[in-house]
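Asker: Provide a 3D model corresponding to the input given below.
(chains A and B)
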Amino acid sequence: MTAFPDTQAHIGQAHRRQNALRHIAGRGRFVTDIVLPRMVHAAFVRSPLAHGRIVGLDVEAALRAPGIIKVFTAAELNPTCTPWTGTLDHFARMTSIAQNILADDVVLWAGQPVVMVIARSRAEAEDACELVVLDIEDDEPVVDGALALQADAVIAAPGLSSNLCYGTVLETAGVDRAFAEAAHVVEAEFVFGRHTAVTLEPRAIIADFDASTGQLTVHQGTQTPYQFQDVYARHFGLNEGQVRVIAPDVGGSFGMKLHVYHEEMGAVAASKLLGRPVRFVADRLEAFLSDIHARDHKVTARMAVASDGRITAMEVDDLTQVGAFSSYPRTSAVEGNQVIRLMGGPYAMPDYRGRLSVVFQNKVQTSQYRAVGHPIACAVTEVLVDRAAEALELDPFDMRARNVVADNAYPHVSATGYQFEKLSHEACLTRLREIMDYDSLRAEQAALRKQGIHRGIGIAPFVEITNPGAAFYGVGGARISAQDGAIVKLTPAGDVQCMISVTEQGQGTETIIAQVVADQLGVAPDRVKVITGDTDTTPSGGATWACRGAGIGGETALRAGRKLRDQILALAGQILQADPGGLALSGGNVIDAVTGAPRMALAEIGRIATYRPDTLPRGSDNSLTAVHHFAPGGYPFDFTNGVQASYVEVDVETGLVKLLKHWVVEDCGRIINPLLVDEQIRGGVVQGLGAAFFEECLYDDAGQLTNGSLADYLVPMAGEMPDIEIAHVETPTLDTILGAKGVGEAGTAAAGAAAMNAVNDALRPFAARISQTPMTPVRILQALGHI
Amino acid sequence: MELEGSEILEVSPEQVWRALFDRAVLERSIPGCETLEQTSATEFSAVVKLKVGPVSARFKGDVELSDIEPLTACTLSGKGSGGIAGFAKGSARVTLVSQGDKTVLTYRVDAAVGGKLAALGSRLIKSTAQKLAGEFFTNFKAVLLAEGGAEVGQTHQDIGAGERAGSAL
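Answerer: So this is what the prediction gives:
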């Protein structure tokens, strides 16, 4: 990097999202904005019951409704594709029933699609849905995961021998001895409610099959176009090269838009059968009923500590409650698997036992959502650390300082088997203490308590999994790309374009890729056009999930950019009759690497290579396009770390919590764009606080979702959110040249844990404790014994 | 969902009892009732148009009278399907107690809803149900009074049905 003067380095600088102006100007182009000739619209008749057998289905009246093109039942639609089963080979004995588009014979959750109606307009399709007569004989639904494992439990889906989807135990040899010898053992039971993504843009798809060419084009609001290219090709018997998936602007995704859904498969199937573009856009109720839900855990946990404050062991039992089947293709077991493996992550705790039971029930599928498993593991661990500190009469900061893996003790392997390259817990704790002015805050808390004002301070260190290789899915047999690819080209006029497989859902991926490429080629980022989200124009890759856009996508762009840089310099060397090693790129020019003097403009290179290649020496390579694929090597994951703190005020009369302030100290390695990193952290914190205080999908005893609208389902609002102050420690990974790790999930990982500790800290004078999310006013009043 | 209530009706238990089994009276009393057909001595099928919060739907359902104690009590149980709006099912135990020349009618309802009604209307279900119960009795009283008590059950067939239902026990 010495060839580039520091003043021209764009990596590390704050740049606004390139696409923000376009969105502000109302020029966003989402799937819903796309209108294709002969396009038809889909609506679904859904099961009103959580569990039952279809005994009657009459679609005759719907067929005669105005504007109706077609009414599909399972018998006609399902045979167009092969069923899908959400299991992974590396999860031993994991089981799930196979899925197909429409319910046939049995219904497994309230909201499951039974009939697909295709009409000229969505309104006409919905009207026709009302004319379908669906008669279902109801069976008892499985609604509680703990009861679901009892011997006499109703089975959630036919073909299962029990409601256990996946179970595993992770343990070290010394765990029992650690508990036997502990000075204190603290324990708690936790409930983490179901919630969902609530993206601004709901799921949306237009499937367009052209029978004359056999070409399927799918416009889909997704974060993983290549995964869907593979899914549609395999399950609909098409050649992969004939399937094009385009993700235009996507209005939020958070993991929710990378799972296979019945409705999207239905749109593809219907388009194949009808030879017309078929559009499905979920309305808000459909989103609540059919988008994946997240979390839904019951956890019992205990922690052993020595008299000097050392955490010696944890024992955890996690019950992850999923739907009636496991999601495809990533499964619904990864969340729980990460819960039990992330426990105690920041600490030098030597012993551990984690037991996981993933359990089926008759509700919509749960699966990966932002910060998969992290908030659960973090909350369980940190609540127990606070209780241990209380038992030992240690300050929460002191307790953590005694237990985090020392900054000079890396590499380190956790008791659960995770490998950490280099983390910075000590530096982060020190920084947090400074920025929150911890001692003053404690003094303020004590003073206010005397006035009957109950404030609480909670802290929560965390680790976060980023930059995953094939360890997540590839090794389990899933066709989910563990690498990414980029094409970088210099246009004849000297501009740069980068086609890359990582995708944009509003987080600014395209902007950071432009910054990275710009620095390799010595141009300004606004001269780099980044193109994403189209399987026909960009190389194949994993796209966006598990915090990989910056770390893996950025490295891919960097290496592709350097390849092109070398090509340009070689060509320039031939034109200038100079040693390419003595040349560099800067300010849109080829420069003398030593003096910095401009030698020729990039535009001139482009002109000669494109229009006058005849003037180049014989045999010279005039290629101004470079392609590179990058698969992460080294550590299985590049873990990040950080610590969050929450300051709250609890009204002990009403149970209402006021969020006063939130702090995050984060180490995501090399920071490419501090503005976007902070935006990612803030957004993540807000989603973490949403789950901690507001968001919950409520079900009744019959398995009916009872709050499927934004009138009843609470999302965090700006007015309720605290100021979020952020600081950074930078420990670049040595796995890559760029050194960047992911940051998209860090905020969500620990915000809820810090908040739960803060609320419990506020409740401490009342000897009241809460360990259930969301921490609603009712639950806080129950903890206080008021109701 | 459970719902309880009682109403004082200015007629005798015999008149109330007859009215409860009278198709015409019920049709005029049930809020939003479009059609009500008697399919047997103790069974009716109905089409009722209802609006719960943002969901409006035409429910088709069957109601059956059981556990009949003539002039004293009976249970109405039913299930209605509102198509994509979802379903409602439940039962109501109705008890009559004579109080001079009046009758105290007590009801206890246990009902459940599903589908869109549950997802969108749950917060409104109980208040809507209470409102519908109120409307039912307002209508029921009006019919009873308008027809002067004795007039109720003019349809001989319906009286017969009620008597048959009663005498069957």
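Asker: quick check: mean pLDDT across the lengthiest strand in chain B?
Answerer: Counting by DSSP state E, the longest strand found in chain B is strand B:55-69. For strand B:55-69, the mean per-residue pLDDT is 89.
Asker: strands of chain B, start to end?
Answerer: B:2-9, B:33-40, B:43-52, B:55-69, B:73-81, B:87-99, B:102-114.
Asker: those into a markdown table, with extra columns for mean neighbour count and distance to chain A?
Answerer: In short, each C-beta sits where N, CA and C put it, glycine included. Converted to a markdown table, those look like this (neighbours: other Cβ atoms under 10 Å in any protein chain shown; distance: least, Cβ to the nearest Cβ, whole Å):
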| stretch | mean neighbour count | distance to chain A |
| --- | --- | --- |
| strand B:2-9 | 14 | 13 |
| strand B:33-40 | 14 | 15 |
| strand B:43-52 | 18 | 12 |
| strand B:55-69 | 17 | 8 |
| strand B:73-81 | 19 | 8 |
| strand B:87-99 | 18 | 5 |
| strand B:102-114 | 18 | 4 |
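Asker: quick one on the thing from earlier: the longest strand of chain B packs against which elements?
Answerer: strand B:43-52, strand B:73-81, strand B:87-99, helix B:116-146, helix B:156-167 (3 or more Cβ pairs under 8 Å, 6 or more residues apart in numbering or on different chains; DSSP states H and E).
Asker: from A:A783, how far off is the residue in the stretch 501-650 of chain A positioned nearest to chain B?
Answerer: Going by Cβ to the nearest Cβ, chain B is nearest to A:V650 of the stretch 501-650 of chain A, at 25.8 Å. From A:V650 over to A:A783 the distance is 10 Å, taken as Cβ to Cβ, to the nearest Å.
Asker: more neighbours, these two?
Answerer: Taking other Cβ atoms under 10 Å in any protein chain shown, A:V650 and A:A783 do not tie; A:V650 has more neighbours (28 against 22).
Asker: apart from its neighbours in sequence, what residue is nearest that one?
Answerer: Sequence neighbours aside, A:A762 is the residue nearest to A:V650 in space, at 4.1 Å (criterion: Cβ to Cβ, 6 or more residues apart in numbering or on different chains).
Asker: wait, a helix at the one you found?
Answerer: Yes - assessed by DSSP: H, G, I helix; E, B strand; the rest coil, A:A762 belongs to a helix.
Asker: so who does A:D712 touch?
Answerer: By Cβ atoms under 8 Å, 6 or more residues apart in numbering or on different chains, A:D712 lies in contact with A:698, A:706, B:122-123.
Asker: filter these to the buried ones?
Answerer: Buried subset of the contacts of A:D712 (neighbour count, 16 or more other Cβ atoms under 10 Å in any protein chain shown): A:706, B:122.
Asker: how many neighbours does the residue in the stretch 251-400 of chain A positioned nearest to chain B have?
Answerer: Across the stretch 251-400 of chain A, the shortest distance to chain B (Cβ to the nearest Cβ) belongs to A:L285, at 6.0 Å. A total of 19 residues lie near A:L285 under the criterion other Cβ under 10 Å.
Asker: state the helix or strand in which it lies.
Answerer: helix A:284-290 (DSSP states H and E).
Asker: helices or strands next to that helix in the packing?
Answerer: Looks like helix A:284-290 contacts strand A:40-46, helix A:262-274, helix B:116-146 (3+ Cβ pairs under 8 Å, 6+ apart).
Asker: may I see the helices and strands packed on strand B:55-69 arranged in CSV, with mean pLDDT as well?
Answerer: Shown next, in CSV, are those (pLDDT from 0 to 100):
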stretch, mean pLDDT
strand B:43-52, 90
strand B:73-81, 90
strand B:87-99, 92
helix B:116-146, 87
helix B:156-167, 36
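Asker: to A:S121, which of these lies closest?
Answerer: helix B:116-146 (19.9 Å; Cβ to Cβ).
Asker: now do that closest one against strand B:102-114, angle only.
Answerer: 160 degrees (axes from the mean of the first three to the mean of the last three Cα atoms, to 10 degrees).
Asker: near chain B, which residues of the stretch 201-350 of chain A?
Answerer: Contact residues, the stretch 201-350 of chain A versus chain B (Cβ under 8 Å from any Cβ of the partner chain): A:285, A:288-289.
Asker: nearest to A:D152 among those residues?
Answerer: Looking across these and measuring by Cβ to Cβ, the closest to A:D152 is A:L289, at 29.3 Å.
Asker: what helix or strand is the residue nearest to that closest one when sequence neighbours are not counted on?
Answerer: Once flanking residues are discounted, A:L289 sits nearest to A:G111: 3.2 Å by Cβ to Cβ, 6+ apart. Following DSSP H and E, there is no helix or strand that holds A:G111.
Asker: which ones are touching A:G111?
Answerer: Counting by Cβ under 8 Å, 6+ apart, the residues that A:G111 touches are A:46-47, A:286, A:289-290, A:364, A:705, B:119.
Asker: ok, so of those, who is nearest A:A572?
Answerer: So of the contacts of A:G111, ranked by how close each gets to A:A572 (Cβ to Cβ), first place is A:S290, at 55.5 Å.
Asker: so who does that closest one touch?
Answerer: For A:S290, the contact set (Cβ under 8 Å, 6+ apart) comprises A:46, A:111, A:113, A:203, A:261-263, A:282, A:364.
Asker: widest-spaced pair of those residues?
Answerer: Maximum distance among those (Cβ to Cβ): 14.5 Å, for A:R46 and A:R203.
Asker: with neighbour numbers in mind, choose between these two.
Answerer: A:R46 (28 against 24).
Asker: and for the residue of the stretch 601-750 of chain A found nearest chain B, the neighbour number?
Answerer: Distances between the stretch 601-750 of chain A and chain B by Cβ to the nearest Cβ are smallest at A:G708, namely 3.2 Å. When neighbours are defined as other Cβ under 10 Å, A:G708 has 26 of them.
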